[in-house]
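Peer 1: next input, structure requested:
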Amino acid sequence: MKLSVQVVNPAGNTTLLVQTPVPQEDRREVAARLLSIRELQGQQVAFLVPPTRDGVIRLETVDNAFCGNALRSAGLSYAAQRGFRREQKFPVEISGCGQALTVQVNPLTSQIWAETPVPQEIAKCTLFGESARAVLLPGIVLGVTQTSRDMGEEQIRKALLELCKTFSTPAAGVLFWKFREKSMIPAVYAKDADALLFPGSSASGAAAIAALNAIGAGKNGTYKLDVRQPGGVISTSATVQNGKLQKISIGGKVLLGPTYDVEF
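Peer 2: All right, here's what the predicted structure looks like:
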């Protein structure tokens with residue numbers, strides 16, 4: 001199998017975009033192989049496929065979980081391939097989301113903004129023996145805690161597996177949030193692969209923080225927040241009307257890397 005793979009870096013969360021069609025039943029194995037190639041330094045894999053609705057492109061992940069950084073990466077890749085020279089908006093489909101999401105690309109500054117789904121649910125949960133909040137997005141639940149990340153990987157894995165079971169999702173994450181510093185350390189767990197990752201950044205996690213921040217304000221308005229993470233900063237914007245979240249967007253700089261021909 002010969003694949004065309006583009007490397008994209010959104011805030012330290014190196015994404016491998018597979019541009020060659022890959023049968024769905026082979027994607028988990030292909031993703032694992034690509035992540036094992038040390039030279040690519042990939043943290044996640046997404047597959048570009050023909051759109052099925054009104055998007056200009058479609059992006060699918062192995063677990064059908066929403067991934068904001070992959071969405072931004074695909075948007076920049078699409079703009080670069082078509083030689084865009086000015087800021088443009090276009091719809092992009094992504095697995096786990098029933099409608100295309102708007103991506104805004106400025107090719108001159110590499111600033112990429114993307115609409116994210118509004119959380120399906122915000123609920124209470126327990127993480128590491130303490131009360132926390134859980135934000136449910138398509139295919140993934142994200143627990144937000146202000147507990148310091150001083151526990152071992154097995155403890156984190158066990159906690160995230162419990163979140164997957166509780167909310168019936170294929171993936172779960174924990175966001176170790178420091179309110180005063182406006183910074184977080186994300187960890188993500190994929191249940192089927194039993195894989196625990198510590199990405200450089202999580203755009204979905206930033207969206208979850210944005211949702212909690214906007215709802216917590218207790219009044220209508222648009223709330224902007226820069227979320228610092230190990231790999232960089234992801235900016236957010238969340239709008240509340242009549243006590244409900246109406247829109248969330250995530251943005252920041254994305255670096256477009258080379259495209260490789262990979263053969264297994």
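Peer 1: tell me where this protein has helices.
Peer 2: With helices called from DSSP state H, the chain shows them at 27-35, 68-81, 153-167, 203-216.
Peer 1: what about the strands in the stretch 51-200 of the chain?
Peer 2: Secondary structure of the stretch 51-200 of the chain, counting by DSSP state E, counting those that start in this stretch: strands at 57-60, 88-94, 101-106, 111-116, 121-127, 130-137, 140-145, 171-178, 183-190, 195-197.
Peer 1: out of those, nearest to residue 3?
Peer 2: Comparing those by their distance to residue 3 (CB to CB), the top pick is strand 57-60, with 14.7 Å. (C-beta placed from N, C-alpha, C; glycine too.)
Peer 1: ok, and what's touching the closest one?
Peer 2: 17, 24, 27, 46-52, 70-71, 74, 78, 92-95 (CB atoms under 8 Å, 6 or more residues apart in numbering).
Peer 1: out of those residues, which are buried?
Peer 2: 17, 27, 46-49, 70-71, 74, 78, 92-95 (16 or more other CB atoms under 10 Å).
Peer 1: can you get me a residue count around residue 121?
Peer 2: 10 (other CB atoms under 10 Å).
Peer 1: quick check: it touching residue 136?
Peer 2: Yes - when contacts are counted by CB atoms under 8 Å, residue 121 is listed as touching residue 136 (4.2 Å).
Peer 1: endpoints of stretch 39-51, how far apart?
Peer 2: 30 Å (CA to CA, to the nearest Å).
Peer 1: how far does that stretch sit from its chain's centre?
Peer 2: 12 Å (CA atoms, centre = their mean, to the nearest Å).
Peer 1: quick check: mean pLDDT of it?
Peer 2: Across stretch 39-51, the average pLDDT comes to 96.
Peer 1: one more: stretch 220-232?
Peer 2: Mean per-residue pLDDT for stretch 220-232: 97.
Peer 1: try stretch 90-108
Peer 2: 93.
Peer 1: what do residue 121 and residue 136 both touch?
Peer 2: residue 167.
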